[in-house]
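S.K.: Test case, fold it:
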Amino acid sequence: MYKLRQPHPCIPLAASAALVRFWLVYALLPAFCVPARAQEPPPAETSAKPADESGRQGAQVEARPGYQAGSGQEVVTRDSPATFKVRVNLVLVRVVVRDEHGKIIDNLKKEDFQIFDNRKPQTISTFSVETPLSHPVPVVSVSDRDSADSETQPAPNLPQRFISLFFDDLHLAMEDAVSVRSAGVRILDAVGPADRVGIYTSSGQVTQEFTGDRQLLARTLTSITPRPVNPTEGFHECPEITYYQADLIQNRNDQQALSVAVEEAVQCAFAGDETKAVMAASLARTAAARSLAAGDTASDYAYQHLYDSLRRLASMPGQRKMVFISPGFILSSLIAERSEVIDRSTRAGIVIDTLDARGLYAPDIGGDIADPPGDSYRTAGYKSSYRVSAQSVQSEILADFAAGTGGTFYRNRNDLDVALRESIAAPSTSYVLGFTPQNLKLNGSFHTLKVTLTGKQRFLVQARRGYYSPHTRKSPEETAKEEIQEAVFSQEEGLRFRKVEDRNHDDLTLATAIFDENGNLVAGGQKILEMKLRDATLERMARSGISVKSSFDVKPGNYLVRLVVRDKEGELMAARNGAVVIPY
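M.R.: Numbering: from 1, shown residues only. Next comes the predicted model:
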């Protein structure tokens, strides 16, 4: 695959204008393999020229946008919409290893790991050890001043990690909301200069897009408060039926739970007159249906806003993590929604850490002490057992989200700030294992992954739980819209030119995206570089490469530039990030 050198912008035309035009010149070289991920940017004005301008013939042609490939041209560029067909050639798995005390292990080697794909052992073909400083972004200053002054410009803190703090305010109790928002404010110093944090809620009423402004984040955190869908639903009704008990009655046909509700209706509505049991049963079923509908509505709201937050996080250019902060909630019949959250996260490479907002708690047998339930002596024991069971099973959703995405479930802790700090902070050391699936079927199926250690160390291994194989579609455009945003990786292979008579044919698609300091897409373009090279030209380009130039109009500021390259014949992809500083 072709390698991208550091972007080299030319001098802007007018640095004092509201919009500054600058050019990015990329030099493409052979043999490169890095992760690839791109947005779908709008077209931009482009042109290209050979990297070697010494007067040699062959590759030295003027590239004209919109020009249709002619008989004599060897290299031609043209703008074109994306029509990528993505294949997974290399699966990368990020692994964090901790000892029994939670300390990160930083001295492991490739031979210490084993990886299994659908229980079949795989050969680890790539291995790297990464720290928060492993991916410095090359910086170029675009200025009409002296180049020496440009070199003194401070490096911008452009985003590399995006963290979504998702507060489940639909299910939070007031005391839990106070604890988690206080813990959130205390740990903002753990946000690194290359981190961007967004704050979202299950009610959708509090939203703060990704930013590095700690003061703004602190102000937003103070807005976290319980916002139930219907605050009065189930408040001392007759009979009082919780979401958990209603689920037992309506979805699981639990006759004991129904009998308890009927007996409670007899006591509260008919003064203990057992001859009214038939009417009490009708009253109990109605109350159960109403309680179940209210609980399902709250859960559905939470899922829908969780989908929106995941979609926003998936579009950000960098490592992505979500911290789901909630006391948990009953799964009820919404099983597919839980799976959908895990599936979307896995496809987008998002890790979800979960934090039980209740902290360290004891089972609440008697209910809220400030507003005790009106259980009769005939039903008090059963109702207490339902409350204890509900408090236990409502944490299952938190465990599932973390286990399904390779995250960590923080529970039963009275140090919520420490747990939140561990979740937000980038691990001091992580390992990236890569393997090439053998005989991979393009059917969109889910592949389970398991990473183990070859030794007998009692370490905790944290890694993603699986990946999806690509799947074919009738329309390449439809495939591109969904799969171009996934993390796609290339094998260490060269370009596959197709020989036609005396020419070597291949097309390169180059997508350029420019993001601001908070990861928002501000500009971009895409072009196709058509190559019909003679043998001598191909041999020369293998050594010298070829330069491609794109121009963009942006405001002064700090920008992250991402270039993704894909070749047609081999269907391989590669990418490179760079930083551009345009002084005010």
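S.K.: Thought residue 433 was touching residue 129, still the case?
M.R.: No: between residue 129 and residue 433 there is no contact under CB atoms under 8 Å: 10.7 Å. C-beta: built from backbone N, CA, C; applies to glycine.
S.K.: which residues touch the closest residue to residue 130 other than its chain neighbours?
M.R.: Setting aside the residues directly before and after it, residue 130 is nearest to residue 430 in space (CB to CB, 6 or more residues apart in numbering), at 5.1 Å. Residue 430 makes contacts with 94-96, 129-131, as judged by CB atoms under 8 Å, 6 or more residues apart in numbering.
S.K.: before we move on, what about residue 167?
M.R.: 177, 180-181, 199-202, 206, 224, 325-326.
S.K.: Out of those, list just those in helices.
M.R.: 177, 180-181 (DSSP state H).
S.K.: need those residues in TSV with neighbour count, pLDDT and distance to residue 341, can you?
M.R.: Conversion of those to TSV gives the following (neighbours: other CB atoms under 10 Å; pLDDT from 0 to 100; distance: CB to CB, whole Å):
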residue	neighbour count	pLDDT	distance to residue 341
177	20	94	22
180	26	94	20
181	23	92	23
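S.K.: so which of those residues comes closest to residue 535?
M.R.: Of all the ones in helices among the contacts of residue 167, residue 535 sits closest to residue 180, with 65.6 Å by CB to CB.
S.K.: returning to what we had before: now the ones in helices among the contacts of residue 167 in CSV, with distance to residue 451?
M.R.: Output for those, formatted as CSV (distance: CB to CB, whole Å):
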residue, distance to residue 451
177, 36
180, 31
181, 35
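S.K.: worst-scoring helix or strand of the protein, pLDDT-wise?
M.R.: Lowest on mean pLDDT, DSSP states H and E among the helices and strands of the chain sits strand 488-489, with a mean of 28.
S.K.: quick one, phi psi at the residue lying closest to residue 227 once chain neighbours are set aside?
M.R.: Excluding the flanking residues, the one nearest residue 227 by CB to CB, 6+ apart is residue 203, at 4.1 Å. Backbone geometry at residue 203, expressed as degrees, to the nearest 10, gives phi -80, psi -20.
S.K.: hang on, isn't residue 203 packed against residue 224?
M.R.: No: using CB under 8 Å, residue 203 is not in contact with residue 224; the gap is 10.1 Å.
S.K.: that older thread, more neighbours, residue 129 and residue 433?
M.R.: residue 433 (22 against 14; other CB atoms under 10 Å).
S.K.: pLDDT weak spots in this protein?
M.R.: The chain contains residues with pLDDT under 70 at 1-72, 75-89, 133-156, 231-235, 363-374, 470-497, 542-545, 568-575.
S.K.: where do the helices sit along the stretch 401-550 of the chain?
M.R.: For the stretch 401-550 of the chain, the helices defined by DSSP state H, counting those that start in this stretch occupy 416-424, 476-483, 535-544.
S.K.: list residues touching both of residue 203 and residue 224?
M.R.: Common neighbours of residue 203 and residue 224 (CB under 8 Å, 6+ apart) are residue 169.
S.K.: Against residue 320, how distant is residue 307?
M.R.: To residue 320, residue 307 is 15 Å away according to CB to CB, to the nearest Å.
S.K.: Could you do residue 531 as well?
M.R.: Using CB to CB, one gets 35 Å for the distance from residue 531 to residue 320.
S.K.: residues in contact with the nearest residue to residue 413 once chain neighbours are set aside?
M.R.: With sequence-adjacent residues excluded and distances taken as CB to CB, 6+ apart, residue 413 is closest to residue 419, at 5.3 Å. Applying CB under 8 Å, 6+ apart, we find residue 419 in contact with 355, 410, 413.
S.K.: dump the residue contacts of the second one.
M.R.: Counting by CB under 8 Å, 6+ apart, residue 410 makes contact with 353-356, 419-420, 422-423.
S.K.: do the first one as well
M.R.: Taking CB under 8 Å, 6+ apart, we find residue 355 in contact with 180, 323-326, 398, 410-411, 416, 419-420, 423.
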